[in-house]
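Colleague: only geometry, no sequence info:
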């Protein structure tokens, strides 16, 4: 008769993952309920059922928690497809970004609050850029670079300017309170304009 | 022999103008020195040589003081010329906006701090839009509408989208920490791209 299996020791990795998930989810929930400003590490800890010490062991600040929660939420919502059709792929990605991500009140209020916070906190500004923005910008640059070689956009297109033309309008509306997020029709119009600006030179 | 003129009574309007100027200048000075966040109405009052009560008689908050100071600073720096050449006028205006205004540390830090503040303060967000943004956007729309009729841009160009394409990239860099303000060469490249996106339809 085989031995009963010994009871498994607690799995610290699994427990950490569960706490991590609860902390990140709670941070976005609280931002949706109160806005980013009034949320505290204490309130996140209390509702997530962990100690403040646990949060501070993993993150230096509320902003860092919210940043990681947004990074989690942004994948795969803001991922870049590659169907070979640059227009369709840009529209799909921007739909995912706006409809799937920014329009979610858990994300929208956390994002605008976090960006506000970065105006006074250089470390958080650097982390916002390195953790959240650059990985997505790199995906976009890769997709646009492919479009440069396959003739979807001009061979000498400036990729960083292209990103600013595509995403600048989105953040302009969001952060300067210029109305609702772009509708699907407005996203298509925006993409069409940017692709016209980047169109291959007419043959001589 | 003529009478000596009677001593003039104190001119409350003039005194108010002098205090107003001192308060607005001091608000921007303090933002340049400390960033917007730590500046208080108390500190503005102390350095401007007025009472807190005087400031609160005219403005509801620190944000409102900074907003009016920025509005003052933006004229004429961000005014829109009309030489008849839409490309030249857009470049001139964006040069004035970036080089004459945003690059000034008294303005830059006040502006990013104020925009951050508006993410948590709906009244201030409304005032930012109505007092600072819409009057300049209206100037830009008027100039672009003229370009629509004289053939500089397509007759059915979407003016609001045009504004987002021109100014979105500026705020994208500024608020998402994407490097220095656009150089003069980058401004010209940006304007060229936007005008290509808005170019009149090729004749059939």
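Modeller: Perfect, I can see it now. Remember, predicted model here, so these are calculated numbers, not experimental data. Numbers count the residues shown, from 1 in each chain, chains lettered A, B, ... in the order given.
Colleague: what is the neighbour count of the residue nearest to residue A:165 when sequence neighbours are not counted?
Modeller: Nearest residue to residue A:165, sequence neighbours excluded (Cβ to Cβ, 6 or more residues apart in numbering or on different chains): residue A:194, at 4.7 Å. Bear in mind the C-beta positions are built from the backbone N, C-alpha and C, glycine included. Using other Cβ atoms under 10 Å in any protein chain shown, the number of residues around residue A:194 comes to 25.
Colleague: tell me the contacts of residue A:194?
Modeller: A:90, A:162, A:165-166, B:165, B:197 (Cβ atoms under 8 Å, 6 or more residues apart in numbering or on different chains).
Colleague: ok, residue A:159 next?
Modeller: Contact criterion Cβ under 8 Å, 6+ apart gives A:140-141, A:144-145, A:148 as the residues in contact with residue A:159.
Colleague: tell me the SS of the residue nearest to residue A:151 when sequence neighbours are not counted?
Modeller: What sits nearest to residue A:151 in space, not counting adjacent residues and going by Cβ to Cβ, 6+ apart, is residue A:200, at 5.9 Å. Look at residue A:200: counting by DSSP: H, G, I helix; E, B strand; the rest coil, its state is coil.
Colleague: and residue A:200, how far from chain B?
Modeller: For residue A:200, the distance to chain B (Cβ to the nearest Cβ, to the nearest Å) stands at 12 Å.
Colleague: what of residue A:180?
Modeller: 12 Å.
Colleague: surely residue A:22 touches residue A:50?
Modeller: Yes: between residue A:22 and residue A:50 there is a contact under Cβ atoms under 8 Å: 7.0 Å.
Colleague: between these two, which is the more surrounded one?
Modeller: When neighbours are counted by other Cβ under 10 Å, residue A:22 and residue A:50 differ, and residue A:50 comes out ahead with 19 against 16.
Colleague: for the spatially most central residue of chain A, which non-adjacent residue is closest in space?
Modeller: Compute the mean C-alpha point of chain A, and by Cα atoms, centre = their mean the closest residue is residue A:74, 4.0 Å away. Of all residues not flanking residue A:74 in the chain, residue A:101 sits nearest, at 6.1 Å (Cβ to Cβ, 6+ apart).
Colleague: doesn't residue A:65 make contact with residue A:41?
Modeller: Yes: in terms of Cβ under 8 Å, residue A:41 counts as a neighbour of residue A:65; the distance is 7.3 Å.
Colleague: neighbour count: those two, which is higher?
Modeller: Taking other Cβ under 10 Å, residue A:41 and residue A:65 do not tie; residue A:65 has more neighbours (26 against 17).
Colleague: before we move on, back to that, let me know whether the residue nearest to residue A:74 touches residue A:77 as I believe.
Modeller: Yes: between residue A:101 and residue A:77 there is a contact under Cβ under 8 Å: 4.4 Å.
Colleague: and the longest helix anywhere in chain A, what other elements does it pack with?
Modeller: Secondary structure assigned by DSSP state H gives helix A:12-34 as the longest helix of chain A. Applying 3 or more Cβ pairs under 8 Å, 6 or more residues apart in numbering or on different chains; DSSP states H and E, we find helix A:12-34 packed against helix A:41-48, helix A:52-58, helix A:62-77, helix A:105-118.
Colleague: now the ones you listed in TSV, with mean pLDDT?
Modeller: As requested, the helices and strands packed on helix A:12-34 are arranged in TSV below (pLDDT from 0 to 100):
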stretch	mean pLDDT
helix A:41-48	98
helix A:52-58	95
helix A:62-77	95
helix A:105-118	96
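Colleague: for the host helix or strand of residue A:93, which residues meet the burial criterion?
Modeller: Residue A:93 belongs to helix A:86-95 when assigned by DSSP states H and E. By 16 or more other Cβ atoms under 10 Å in any protein chain shown, the buried positions in helix A:86-95 come out as A:86-87, A:89-94.
Colleague: follow-up on the earlier one: any idea of the pLDDT on the residue nearest to residue A:151?
Modeller: pLDDT, residue A:200: 93.
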